[in-house]
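Trainee: when you get a sec, could you give me coordinates for this:
(one chain, ligands or ions: 1)
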Amino acid sequence: MAIVTEPDQTPDPAASAGRGVAPAARRDTRLDTWAGRYASRTHGMTASAVRSLFEVANRPEVVSLAGGMPNIADLPLDVIADNLASMVFKEGPRAMQYGSGQGEPVLREQITEVMRLEGIHAHRDDVTLTVGSQQGLDLVTRLFCDPGDVILAEAPSYVGALGTFRSYQTDVVHVGMDDDGLSPEALREALVALRSAGRTVKFLYTIPNFQNPAGVTQPLERRAELLRVAREFGLLVVEDNPYGLLTFSGEPIPAMRSLDADNVIYLGSFSKTFSPGVRVGWVLAPHAVREKLVLAQESATLCPPVFSQYVVSTYLATCDWRGQIASFRDMYRTRRDAMLAGLAEHMPAGTTWTHPEGGFFVWVTLPEGLDSQAMLPRAITSRVAYVPGPAFFADGFGARNMRVSYCYPPPERIREGTRRLGEVLQHELSLHETFGLDPRHDDPPRGGITRGPGANQS
Ligand SMILES: Cc1ncc(COP(=O)(O)O)c(C=O)c1O
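Mentor: Numbers count the residues shown, from 1 in each chain. Alright, predicted model coming up:
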């Protein structure tokens, strides 16, 4: 079969660096010889419909409120560089070698200290290192789920988790939230309905702190209540907590895992409190689960990257990581304030949004009749980007929602982004006034998280 290729026009830096070898032509073809051979689990792996728009959204003239990239500009790179250089001199032969499938004991011990900030008292033997918490999600799903099993998740939920759950051919059933996060009543109703339908629910996936994408947080009593429901139904809880230490007021709320060591698997990450590029996360699991996790980790990676673990361990041992988290909190709080002020000033009547007390994200509910996905090309033409709501649902809901993030752009860009977004919404609304509501876009908001305190109700 002939394969159509287009030569790559970009000069290859390696070739021009003097090796004298002609650059290989890039074989850019969309024709897939193996199209009929992929495993059925790949069928759900589709690129997002808005991916090509996001390439445009990354241009400097566009204010991107879409991404979830942490702002790590304030990390003391000079100090970190010196400390890492000494580490390589002293520990290089171990740091650059294969390691244990469970991860380095020193870092596992340090992680128990980090988790104590959220009330978790755990032994390092129950911690398994992963390639970011994303790999923790993958391993836990691999251990527990067969095709057709049900996973319960918040409505809306983290897009990366939904992708993982889809790749294991599970069915995600969304459970409603309010301003205090996941609703215990909605959880109970879902469990009763699924039980009577004969479905196997493998676990509840929840993000209790500064939820991605909704920005809401479960208070302590809500966590206890959810755990009571979970125990009543014999339900395993997977608690995903990458943002918990980035709180804007007061101390972090104790983790669900601190309230129930037997029924909760806890996922942690250094991506938001140190560096996403080192790709270091962890799973804290009941002992028997932990043993299986290590076997799964060994078959996935042999061992999680040892050098990255040494980088994190050196950072924790030699830098003021608690002070750094405090300064991240201040920086993100200022950006959150800019976002909330900008939304209050520029959103048209009928728009509501959540008021996060930490983390990166605000969840916006649009006036009736507007469709965040249909509106995105116009927004990008107006040089502002966001993530349309349906990305965060496994079942196509969310047309009246969008996620806007304040983690990366500086405050003045955030304000400008909300101004541009306000103009786009106004324009869409005036179209509706002229031509009437399009019933296809009349998707009611889901989950009840539409009214943050002080949100624009006018
Ligand atoms: C809720 C949630 N879980 C997990 C992850 C993955 O993080 P990591 O970089 O640790 O893999 C993210 C990243 O944005 C996230 O928002």
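Trainee: surely Phe144 touches Thr200?
Mentor: No - counting by Cβ atoms under 8 Å, Phe144 stays clear of Thr200, with 10.2 Å between them. Heads up, the C-betas are built off the backbone N, CA and C, glycines and all.
Trainee: looking at these two, which one has more neighbours?
Mentor: Phe144 (18 against 13; other Cβ atoms under 10 Å).
Trainee: and that one, what does it touch?
Mentor: 202-203, 236 (Cβ atoms under 8 Å, 6 or more residues apart in numbering).
Trainee: and what of Gln309?
Mentor: With the criterion set at Cβ under 8 Å, 6+ apart, Gln309 makes contact with 99, 103-104, 107, 129, 280.
Trainee: again, but for Val201
Mentor: 149-152, 173, 191, 194-195, 233, 235.
Trainee: what's the answer for Gly358, then?
Mentor: Taking Cβ under 8 Å, 6+ apart as the test, what Gly358 contacts is 209-210, 217, 243-244, 246-248, 329, 332.
Trainee: Ala57 too?
Mentor: 64, 66, 380, 385.
Trainee: verify the contact between Leu343 and Thr418 for me.
Mentor: Yes - with contact defined as Cβ under 8 Å, Leu343 reaches Thr418; the gap is 5.4 Å.
Trainee: and the two? Which one has more around it.
Mentor: Thr418 (27 against 24).
Trainee: in this protein, which residue sits closest to the ligand?
Mentor: Closest residue of the chain to the ligand, Cβ to the nearest ligand atom: Gly132 (2.4 Å).
Trainee: tell me, how many residues neighbour that residue?
Mentor: Every residue meeting other Cβ under 10 Å relative to Gly132 is counted, giving 23.
Trainee: how much space between the residue nearest in space to the middle of the chain and Ser167?
Mentor: In the chain, the residue lying closest to the centroid (Cα atoms, centre = their mean) is Tyr158, at 5.0 Å. Here Tyr158 is placed at a distance of 14 Å from Ser167 (Cβ to Cβ, to the nearest Å).
Trainee: can you check Ala22 too?
Mentor: 38 Å.
Trainee: the two: who's more crowded?
Mentor: Ser167 (17 against 8).
Trainee: so that one is in contact with Arg41, correct?
Mentor: Yes - using Cβ under 8 Å, Ser167 is in contact with Arg41, at 5.8 Å.
Trainee: show me what from this structure comes close to the ligand.
Mentor: Within the chain, the positions adjacent to the ligand are 68, 132-134, 158, 160, 207, 212, 240, 242, 269, 271, 276, 281 by Cβ under 6 Å from any ligand atom.
Trainee: my read is that Ile111 contacts Thr128, right?
Mentor: No - the pair Ile111 and Thr128 fails to qualify as a contact (Cβ under 8 Å) at a distance of 10.1 Å.
Trainee: shared neighbours, those two?
Mentor: Joint contacts of Ile111 and Thr128 (Cβ under 8 Å, 6+ apart) are Trp282.
Trainee: can you give the domain ranges for the chain?
Mentor: 49-72+323-434, 92-318 (the TED database).
Trainee: can you redo those as JSON lines with mean pLDDT?
Mentor: Shown next, in JSON lines, are the domains of the chain (pLDDT from 0 to 100):
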{"stretch": "domain 49-72+323-434", "mean pLDDT": "94"}
{"stretch": "domain 92-318", "mean pLDDT": "97"}
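Trainee: how about a markdown table for those domains, with distance to Ala85 added?
Mentor: Output for those, formatted as a markdown table (distance: least, Cβ to Cβ, whole Å):
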| stretch | distance to Ala85 |
| --- | --- |
| domain 49-72+323-434 | 19 |
| domain 92-318 | 10 |
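Trainee: figure out which of these is closest to Arg37.
Mentor: domain 92-318 (17.1 Å; Cβ to Cβ).
Trainee: now do the closest one: distance from first to last residue.
Mentor: 17 Å (Cα to Cα, to the nearest Å).
Trainee: and the strands in the stretch 151-300 of the chain?
Mentor: 171-175, 177-178, 181-182, 201-206, 236-240, 264-269, 280-284 (DSSP state E, counting those that start in this stretch).
Trainee: keep only those of the contacts of Gly358 that are in helices.
Mentor: 329, 332 (DSSP state H).
Trainee: got the contacts of Gly358 as a markdown table, with distance to Leu376 and neighbour count columns?
Mentor: Below are those laid out as a markdown table (distance: Cβ to Cβ, whole Å; neighbours: other Cβ atoms under 10 Å):
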| residue | distance to Leu376 | neighbour count |
| --- | --- | --- |
| Asn209 | 28 | 28 |
| Phe210 | 24 | 27 |
| Thr217 | 28 | 25 |
| Tyr243 | 25 | 28 |
| Gly244 | 31 | 26 |
| Leu246 | 28 | 24 |
| Thr247 | 31 | 22 |
| Phe248 | 29 | 16 |
| Arg329 | 31 | 17 |
| Tyr332 | 25 | 24 |
